[in-house]
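Peer 1: Build me a structure from this.
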Amino acid sequence: MTNTDSPVESTLARLRAEGRGALIGYLPVGFPTFEESVEAAITMARNGVDIIEFGVPYSDPVMDGPIIQAACQQALTAGFHVDQVFEAIRRVRAEVDVPILVMSYFNLILQHGVEQYAADLAAAGGAGAITPDLIPDEAAEWIAAADKHNLDRVFLAAPTSSDERLKTIIEQSRGFVYTVSTMGVTGARRDVDRAARVLADRLHALGCEYACVGIGISTGDQVRGVLEYAEGAIVGSALVRALGEGGVDALAETTRSLAEGLVQAERTGN
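Peer 2: Numbers count the residues shown, from 1 in each chain. Below is the predicted model:
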């Protein structure tokens with residue numbers, strides 16, 4: 001059953017009823033500037049992105065590839081601070097009705113205060129958080145705070161995860177399960193790893209309602225391929241590159257190109 005209190009799950013359920021999956025677009029807050037990052041997120045939503053993933057720049061981004069690392073470093077050099085995340089969410093939500101998740105390393109949430117972070121995120125209109133370096137076993141404080149403030153909590157599943165681990169991830173996630181298509185850092189790849197399909201199939205067999213695939217997706221054809229077996233395709237590096245090289249106009253064009261993949265073929269994995 002879909003959690004109707006979750007705007008992310010409600011969006012995924014609506015899109016499923018329409019016969020397609022979701023395009024989830026990632027951009028770091030503060031890149032290339034704070035104002036441009038706000039405009040860029042609005043542009044993505046107006047050109048085909050269904051769910052926005054706002055990255056929180058961090059000095060030790062162990063999961064991020066070189067394009068995202070460089071963008072986050074630029075934001076940090078320009079003076080990014082965490083409160084700008086909440087301001088960006090408020091600004092974007094005032095313009096477009098699209099759920100916004102933050103992608104944040106957990107140390108930043110700890111530094112802000114777990115309860116305070118959840119309260120500030122909810123007050124800004126955020127839907128929840130993806131915490132790539134936090135496993136459910138160590139997430140009790142965050143889960144409690146997220147539940148208190150009605151926020152989604154998205155955990156990552158990897159191809160190497162055991163069925164027991166996947167069951168725990170499914171049980172503790174709300175919104176969707178972030179399905180890692182390859183082992184390694186983020187970044188556009190020519191071929192999205194076949195392991196993604198196997199992992200999504202395993203998640204669905206274990207009771208996962210919404211599996212969204214990230215890491216390695218950079219074209220509309222790859223989006224279409226992923227949506228044959230998953231509920232969402234997450235794109236980051238391709239969008240960050242477009243924004244960095246060509247500004248908001250190039251970002252809009254890239255987003256539209258990716259959105260051409262949002263014709264969901266017959267599902268084989270669920």
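
Peer 1: any idea which element the spatially closest residue to residue 96 that is not a sequence neighbour lies in?
Peer 2: Excluding the flanking residues, the one nearest residue 96 by CB to CB, 6 or more residues apart in numbering is residue 45, at 4.0 Å. In short, each C-beta sits where N, CA and C put it, glycine included. Using DSSP states H and E, residue 45 maps to helix 34-46.

Peer 1: which helices and strands does that helix pack with?
Peer 2: For helix 34-46, the elements it packs on are strand 22-28, strand 51-55, helix 83-93, helix 237-259, judged by 3 or more CB pairs under 8 Å, 6 or more residues apart in numbering; DSSP states H and E.

Peer 1: Quick one: mean pLDDT over that helix.
Peer 2: Here helix 34-46 scores 97 as its mean pLDDT.

Peer 1: For it, output the C-alpha coordinates as CSV.
Peer 2: C-alpha atoms of helix 34-46 as CSV (Å, rounded to 0.1, in the frame of the first residue of the first chain):
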residue,chain,number,x,y,z
PHE,A,34,22.7,29.8,-4.8
GLU,A,35,20.3,31.8,-7.0
GLU,A,36,21.1,29.7,-10.1
SER,A,37,20.6,26.5,-8.2
VAL,A,38,17.1,27.6,-7.2
GLU,A,39,16.3,28.6,-10.8
ALA,A,40,17.8,25.3,-12.1
ALA,A,41,15.6,23.2,-9.8
ILE,A,42,12.5,25.0,-11.0
THR,A,43,13.6,24.6,-14.6
MET,A,44,14.0,20.8,-14.1
ALA,A,45,10.5,20.5,-12.7
ARG,A,46,9.1,22.5,-15.5
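
Peer 1: Pairing partners for the helix or strand harbouring residue 101, with directions?
Peer 2: Secondary structure from DSSP H and E places residue 101 in strand 100-103. Take DSSP bridges as the rule and strand 100-103 pairs in its sheet with strand 51-55 (parallel), strand 128-130 (parallel).
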